[in-house]
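A.B. asks: heads up, no residue letters with this:
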């Protein structure tokens, strides 16, 4: 009998969780008493690298287990709550997009001020020139194309 797997015989709440270290990699079986772990969660698991722990992704939960099969089944250390991280990354992406937009507008305005100060009014009359803000309607509608 594999005693690493035999604990499944003495605790009905013990769960067999299948995880992968790498996307599309080989699956490895772990055990846990955490009832909240679900597919696609990230978990901390024991490893022989760094601080003897690493991350893995849950690919299946409550899998059938053969207690006589060879190979140790290690414990999951914990589930990783990524909600704060995900929220921070999302908010940073929004902030960066706004900063890029503001920087583009600042550069455009600075260029217009320095290079076109003497000709701004005459440039505004050209159909090609649109010096309105990005979200405003075009100053001059594009010409329509006719097939007649």
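C.D. replies: That came through fine. Computed from a predicted structure; not experimentally measured. Numbers count the residues shown, from 1 in each chain.

A.B. asks: show me the contacts for residue 88.
C.D. replies: Contacts of residue 88 were listed using C-beta atoms under 8 Å, 6 or more residues apart in numbering, and none were found. Yep, even glycine has a C-beta here, placed from its N, CA and C like the rest.

A.B. asks: Averaged pLDDT, the helix or strand harbouring it. What do you get?
C.D. replies: Under the assignment given by DSSP states H and E, the secondary-structure element containing residue 88 is helix 83-115. The average pLDDT within helix 83-115 is 93.

A.B. asks: what does the longest strand belonging to the chain contact?
C.D. replies: When the chain is parsed with DSSP state E, its longest strand is strand 53-61. Judged by C-beta under 8 Å, 6+ apart, the contacts made with strand 53-61 from elsewhere in the structure are 15, 17-21, 23, 27-28, 30, 37-47, 77, 80.

A.B. asks: For PyMOL, write the select line for the buried members of those.
C.D. replies: Applying 16 or more other C-beta atoms under 10 Å to the contacts of strand 53-61, the buried members can be selected in PyMOL as follows:
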select buried, resi 15+17+18+19+28+30+37+41+43+45+77
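
A.B. asks: Low-confidence bits of this protein, can you list those?
C.D. replies: Using pLDDT under 70 as the threshold, the predicted model of the chain has low-confidence ranges 120, 131-148.
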